[in-house]
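Visitor: fold the stuff below for me.
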Amino acid sequence: MKYIFFLLLASLFIAGCHSNRVYEDYKEFDTKAWLVNDPAVFEFEISDTTKKYNLYYNVRNTLQYPFARIFVNYTLTDSTGIQLSKQLLSNYLFDQKTGQPLGRSGLGDVYDNQFLILENQYFRKSGAYTLQLEQFNRLDTLAGILAVGFRIETVQ
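Guide: Sure, this is the predicted structure:
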């Protein structure tokens, strides 16, 4: 019976590890605020140019965040510095009517949100790329932002 339990547990662990994630990283803010002059820069490698990728940005926030929405500029560049894509994104961290947080909560008043940047993105060349995230709200200091992250997944 012990061995069956162990095998079941091991198979669940292996199944949970299967992911189409290619890259994921976070920039944490020690001051629990995202400053306008403190962009999050993520450097990553693409080796398979035949696959399509979805790119996401993640926000870890608390209830101290002062707005319902967050505005983020992203810039995607290749290793030579050529800008491949740039756009201002607007996403909701809180429900507009109720004020309830929209993200997943893991600890108390900390919420994790994930937002799509680019869908079905092809990279023409293998190599190094950089994605930069900049907050673009009305305040220079966004209270309640603990971290921002970047994730790339292959499209299944």
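Visitor: hey, let's count contacts and neighbours off CA atoms from now on
Guide: OK.
Visitor: so what strands line up beside the lengthiest strand in the chain?
Guide: Counting by DSSP state E, the longest strand found in the chain is strand 110-121. Strand 110-121 pairs in its sheet with strand 53-61 (antiparallel), strand 104-107 (antiparallel), by DSSP bridges.
Visitor: check the ones you listed for me and report the most buried one.
Guide: Among the strands paired with strand 110-121, strand 53-61 has the highest mean neighbour count (mean count of other C-alpha atoms under 10 Å), at a mean of 20.
Visitor: list the contacts of that one.
Guide: By C-alpha atoms under 8 Å, 6 or more residues apart in numbering, the list of residues contacting strand 53-61 from outside reads 110-122, 144-155.
Visitor: A strand includes residue 76, no?
Guide: Yes. Per DSSP: H, G, I helix; E, B strand; the rest coil, residue 76 lies within a strand segment.
Visitor: touching, it and residue 131? I think so.
Guide: Yes. Checked against C-alpha atoms under 8 Å, the pair residue 76 and residue 131 is within contact range at 4.5 Å.
Visitor: what's the local residue count around residue 92?
Guide: 16 (other C-alpha atoms under 10 Å).
Visitor: next, count neighbours for the residue nearest to residue 77 when sequence neighbours are not counted.
Guide: Leaving out its chain neighbours, the residue that sits closest to residue 77 by C-alpha to C-alpha, 6 or more residues apart in numbering is residue 83, at 4.4 Å. Counted with other C-alpha under 10 Å, the neighbours of residue 83 add up to 13.
Visitor: cool, residue 20 as well?
Guide: 12.
Visitor: check residue 32 too.
Guide: Counted with other C-alpha under 10 Å, the neighbours of residue 32 add up to 19.
Visitor: now it: how far from residue 99?
Guide: 20 Å (C-alpha to C-alpha, to the nearest Å).
Visitor: so what pairs up with residue 152 in the strands?
Guide: residue 23, residue 55.
Visitor: closest one to residue 67 among the strands paired with strand 110-121?
Guide: With C-alpha to C-alpha as the measure, strand 53-61 is the member of the strands paired with strand 110-121 nearest residue 67 (11.2 Å).
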